[in-house]
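S.K.: model this:
(chains A and B)
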Amino acid sequence: MKAAILDGIVLGLAFGLLGVGMTLVYGLGGVLNLAYGQIAVLGAIVISVVMEKGVSTLLAVVVGVLAAAGVAVLLDLTLMRPVYRQHGEERTLMGLLLTLGAAFVIGGLLTWRYPVGALYINVSGEPISILGVPMAVGSIWASVIALAVGVVLLLFFGATTFGRGVRSVIQDETGARLVGINPSFVRTVIFALSGALAGIVAITHSMSGPLTVNAGFELTTFALIVAVVGGLGSVAGAFLAGVLLGIVNTLSAHYIGQYITSVILLGAAALTILIRPRGLLGR
Amino acid sequence: MLEVVGLAAGYLGERVIDGIDVEVKTGEAVAIVGSNGAGKTTLFRAIAGLLPSTEGRIVLDGKDLTRSPAHRISRAGIAYVPAERHLFPAMTVKTNLVLGAYPGRPDRGTLELAYDLFPRLKERPRQQAGTLSGGEQQMLAVARALMARPRLLMLDEPTTGLGPKIAQVAFEAFAELKKQGMTLLIAEQQVPLALSVADRGYVLENGRIRLEGASDELERDPEVRRAYLGVV
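M.R.: Sure thing, here's the model as predicted:
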C-alpha cells in the first residue's frame, strides 16, 4: 500500500509535468496541441542522437530541450497563425486538425529517419530508501525535476510581471490587450515554454525506461487527461491532477491489475468532466 | 490631442460608423452621446484598436495610430474602459491594478491617486475582482486604466448596470479626474450625466455625427432636448 502510493506520487509528478505544457497552451487560446507528444519524442530523439556523438549527457539534454522549444515556436509562427485568427469553436476545431496534422508529420518523419530510435538516460545507482520503501534513483531524479519545474512555473506565473501578463491573457484576452499586453507574443513564448516542457518530459520519462520513437500519441493522450482533470490553464491543477491520477493508477494496478489502469484513468477523467466540467482547479 | 478624421468601421463588411470626425484637446472632457446602437461602442473600439477601421485616420499627438493593434494604442497613452469592463476576474483588486501598469509597476503616487478617487477599492485590495459589485467593478476598471498614466481616458457607457446613485458617484469621480487635468472621452446614453462633466459633445445617430457643440449649447438644442433629455 505505502509502496503503491509512493510509486503513484512518482508517476503522478511525471503526469503533472506532462499535463502542464498542454494545459498552458489551451488556457491561452483554446488550442489543444495534439502534436505535444511528438514534440517530446522529437526532443528525445535529438538527445539520443547528440549523445551518440559522444557529447556529455547534460549538453545533449540542453540541446534536446532547445530543439523541442524551437519546433514549438516554428509551429506557433506558421501553423497556429491562421488558427488564432479564428474564434470560438472554429478555432478549437482548426487547432485540433492542424496540430493533429503536425503530429503525423513530425511522428512520421522521426519514425522514417529513426525507426528504432529511443532515448534511455541511465541514472544508475543503488535504490534509495524513502519511508522504508526502496525507490529507483531514476524515479527520484524524475520526481525532483518535475517538482522543481512545478515550483519554478508557479513562481513565474505568480510573482513575475510577464507571468501575471500570461495569466491575464488566460482570464480576459481583451482586458489584457487594453492594458498593453500583446497576446500573440505571449502565446509564442508559452508555446516555446510548452515545447521545452515536452523536452523535459522526454528526459524524465527516459530515466526510468526507454522512450521510443512511437510514444507520441500515448504521451499526448495522458497529457490531455491530466490537463482536463486539473482544469485547463492551471499549473497547480495539472500537478494536483497528475498526482491524484498517478495514485489512482498505481493503486488500481496493485489491487486489480495493470490491464485495468488505462480504463480506470479514463474513467476518472470522464467522471471529473461530469462532476466538475472545468476541472479540479479550473475557473 | 486626439484627432479622428473620416473614420469608418464595422463588422462583417457592414459599416456601423462612417465619416466620423472627432477631436479632443488636452485637458478637455468630451462626450459622445446617442441612443443604443448609434455606434458609440464601435467608434471607441475602433479608436482603441480592438476593431480595425476601414477608412479614415486616428492620430494621437501627431502620431498616426490608425493601423496599430490595441496593445500599442494602450502603450501610446490611450486607456479604454469598455462597458463590459474586461477585468481579470480571478485576480485580486491589487493585481488588476498592477497589471494596469504593464509592463511596468504602478508607482505609489498613481496607486494612491486611484485609491483616493475610489476609497472602496482601497478597503478591499485582496478581494477577487470577479466578486466585486457592479459599481466596484466599474471603479476598478477605471482605476486599472489610470495605472499606466494615460494621456487620454476613454470611458464607454460607464454607468452600465449601475443604479442612479452609484452612477452619480462615478461621474463625480470623473469630474474630479478632469479637475486633476485628465483628458476624457466619454460615451454615454444618460445624456444629462455626460453633459454635466463634458465641455463639448457630439451627438451620434446611425453611425454618423449628427450634431456637435459645447455642452450647454447641446443642452439648449431643441432636438437634443426632445430626443435625449426627455423634454417634450
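S.K.: output stretch B:74-94 as CSV, restricted to C-alpha atoms.
M.R.: Written as CSV, here are the backbone C-alpha positions of stretch B:74-94 (Å, rounded to 0.1, in the frame of the first residue of the first chain):
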residue,chain,number,x,y,z
SER,B,74,-2.7,51.4,-24.9
ARG,B,75,1.1,51.9,-24.6
ALA,B,76,0.8,55.1,-26.7
GLY,B,77,-1.3,56.6,-24.0
ILE,B,78,-5.0,55.9,-24.8
ALA,B,79,-6.7,53.9,-22.0
TYR,B,80,-10.0,52.5,-22.9
VAL,B,81,-12.6,51.3,-20.3
PRO,B,82,-15.2,49.2,-22.2
ALA,B,83,-18.7,48.9,-20.9
GLU,B,84,-18.1,45.2,-20.2
ARG,B,85,-15.0,46.3,-18.2
HIS,B,86,-12.9,43.2,-19.1
LEU,B,87,-11.3,42.9,-15.7
PHE,B,88,-9.3,39.8,-14.7
PRO,B,89,-12.0,38.1,-12.6
ALA,B,90,-9.8,35.5,-10.8
MET,B,91,-7.2,38.1,-9.7
THR,B,92,-7.3,40.4,-6.8
VAL,B,93,-8.1,44.1,-7.0
LYS,B,94,-4.4,44.9,-6.4
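S.K.: and the stretch 101-250 of chain A, which residues reach chain B?
M.R.: Within the stretch 101-250 of chain A, the positions near chain B by C-beta under 8 Å from any C-beta of the partner chain are A:161-162, A:164-165, A:167-168, A:171-172, A:174-183. All C-beta atoms are positioned from the backbone trio N, CA, C, and that covers glycine.
S.K.: now with 6 Å, please.
M.R.: By C-beta under 6 Å from any C-beta of the partner chain, the residues of the stretch 101-250 of chain A that approach chain B are A:161, A:164-165, A:168, A:171-172, A:174-175, A:177-182.
S.K.: ok, A:Val83 to A:Leu77 distance?
M.R.: 12 Å (C-beta to C-beta, to the nearest Å).
S.K.: neighbour count: the two, which is higher?
M.R.: Applying other C-beta atoms under 10 Å in any protein chain shown to A:Val83 and A:Leu77 shows that A:Val83 carries more neighbours, namely 21 against 12.
S.K.: hang on, the more buried one packs against A:Leu93?
M.R.: No: counting by C-beta atoms under 6 Å, A:Val83 does not reach A:Leu93; the two are 9.4 Å apart.
S.K.: got a winner among the residues of the stretch 101-250 of chain A next to chain B for most neighbours?
M.R.: So for these (other C-beta under 10 Å), the most neighbours sit at A:Leu178, 29 neighbours.
S.K.: what bits of chain B have low per-residue confidence?
M.R.: B:231-232 (pLDDT under 70).
S.K.: of the residues of the stretch 101-250 of chain A next to chain B, which pair is most distant in space?
M.R.: Across these, the longest distance by C-beta to C-beta is 19.6 Å; it joins A:Thr161 and A:Thr174.
S.K.: what's around residue 36, how many residues?
M.R.: You didn't pick a chain, so chain A it is. Other residues close to A:Tyr36 by other C-beta under 10 Å number 32.
S.K.: not what I meant, chain B
M.R.: Quick note: B:Asn36 (other C-beta under 10 Å) scores 8 neighbours.
S.K.: can you list which of the residues of the stretch 101-250 of chain A next to chain B are found in helices?
M.R.: A:Thr161, A:Arg164, A:Gly165, A:Ser168, A:Gln171, A:Thr174, A:Gly175, A:Arg177, A:Leu178 (DSSP state H).
S.K.: what's the pLDDT at the first one?
M.R.: Think A:Thr161. Listed pLDDT for A:Thr161 reads 93.
S.K.: how about it, what does it touch?
M.R.: Shown in contact with A:Thr161 (C-beta atoms under 6 Å, 6 or more residues apart in numbering or on different chains): B:Pro103.
S.K.: cool, the second one as well?
M.R.: Taking C-beta under 6 Å, 6+ apart as the criterion, A:Arg164 is in contact with B:Leu99.
S.K.: chain center to stretch A:26-39: distance?
M.R.: Relative to the chain's own centre, stretch A:26-39 is displaced by 9 Å; criterion: C-alpha atoms, centre = their mean, to the nearest Å.
S.K.: actually stretch B:129-141, not the one I typed
M.R.: Centroid separation for stretch B:129-141 versus its chain: 16 Å, with C-alpha atoms, centre = their mean.
S.K.: go through that stretch and flag the buried ones.
M.R.: Across stretch B:129-141, burial judged by 16 or more other C-beta atoms under 10 Å in any protein chain shown covers B:Ala129, B:Leu132, B:Gly135, B:Glu136, B:Gln137, B:Gln138, B:Met139, B:Leu140, B:Ala141.
S.K.: residues contacting it, please?
M.R.: Residues contacting stretch B:129-141 (C-beta under 6 Å, 6+ apart): B:81, B:85, B:87, B:89, B:91, B:93, B:96, B:118, B:120-121, B:161-162, B:166.
S.K.: for the residue in the stretch 1-150 of chain A positioned nearest to chain B, what are its contacts?
M.R.: For the stretch 1-150 of chain A, the residue closest to chain B is A:Gly27, as judged by C-beta to the nearest C-beta, at 11.5 Å. By C-beta under 6 Å, 6+ apart, the contact set of A:Gly27 is A:Ile170, A:Leu232, A:Gly233.
S.K.: what's the first helix or strand after the helix or strand containing it?
M.R.: Applying DSSP states H and E as the criterion places A:Gly27 in helix A:2-29. As assigned by DSSP H and E, the chain's next helix or strand after helix A:2-29 is helix A:36-52.
S.K.: how about that following helix: buried residues?
M.R.: Of the residues in helix A:36-52, A:36-51 count as buried by neighbour count, 16+ other C-beta under 10 Å.
S.K.: with stretch B:81-91 instead?
M.R.: Neighbour-count burial for stretch B:81-91 [16+ other C-beta under 10 Å]: B:Val81, B:Pro82, B:Ala83, B:Glu84, B:Arg85, B:His86, B:Leu87, B:Phe88, B:Pro89, B:Ala90, B:Met91.
S.K.: with stretch B:157-176 instead?
M.R.: The neighbour-count check on stretch B:157-176 (16+ other C-beta under 10 Å) flags B:Glu157, B:Pro158, B:Thr159, B:Thr160, B:Leu162, B:Ile166, B:Ala167, B:Val169, B:Ala170, B:Phe171, B:Ala173, B:Phe174 as buried.
S.K.: can you map out the strands along the chain?
M.R.: You didn't pick a chain, so chain A it is. A:118-119, A:128-130, A:133-135, A:211-212 (DSSP state E).
S.K.: let me rephrase: I mean chain B.
M.R.: Under DSSP E, chain B gives strands at B:2-11, B:14-24, B:29-33, B:53-60, B:63-64, B:78-81, B:152-156, B:183-188, B:200-205, B:208-214.
S.K.: and those: which comes nearest A:Val151?
M.R.: For A:Val151, the closest of those is strand B:78-81, at 35.5 Å, according to C-beta to C-beta.
S.K.: do I have it right that B:Val224 meets B:Leu218?
M.R.: Yes: using C-beta under 6 Å, B:Val224 makes contact with B:Leu218 at a distance of 5.1 Å.
S.K.: more crowded one of the two?
M.R.: B:Leu218 (25 against 21).
S.K.: show me what the longest helix along chain B is packed against.
M.R.: Taking DSSP H as the assignment, the helix of chain B that covers the most residues is helix B:164-179. In terms of contacts (3 or more C-beta pairs under 6 Å, 6 or more residues apart in numbering or on different chains; DSSP states H and E), helix B:164-179 is packed against helix B:191-197.
S.K.: counting by contacts, list what the helix it packs on packs against.
M.R.: Going by 3+ C-beta pairs under 6 Å, 6+ apart, helix B:191-197 lies up against strand B:29-33, helix B:164-179.
S.K.: coming back round to it: among the strands of chain B, which comes closest to chain A?
M.R.: strand B:78-81 (5.6 Å).
S.K.: give the pairing partners of that closest one; include direction for each.
M.R.: Here strand B:78-81 is paired, per DSSP bridges, with strand B:152-156 (parallel).
S.K.: please spell out which residues along the strand it pairs with are buried.
M.R.: Buried residues in strand B:152-156, counted by 16+ other C-beta under 10 Å: B:Leu152, B:Leu153, B:Met154, B:Leu155, B:Asp156.
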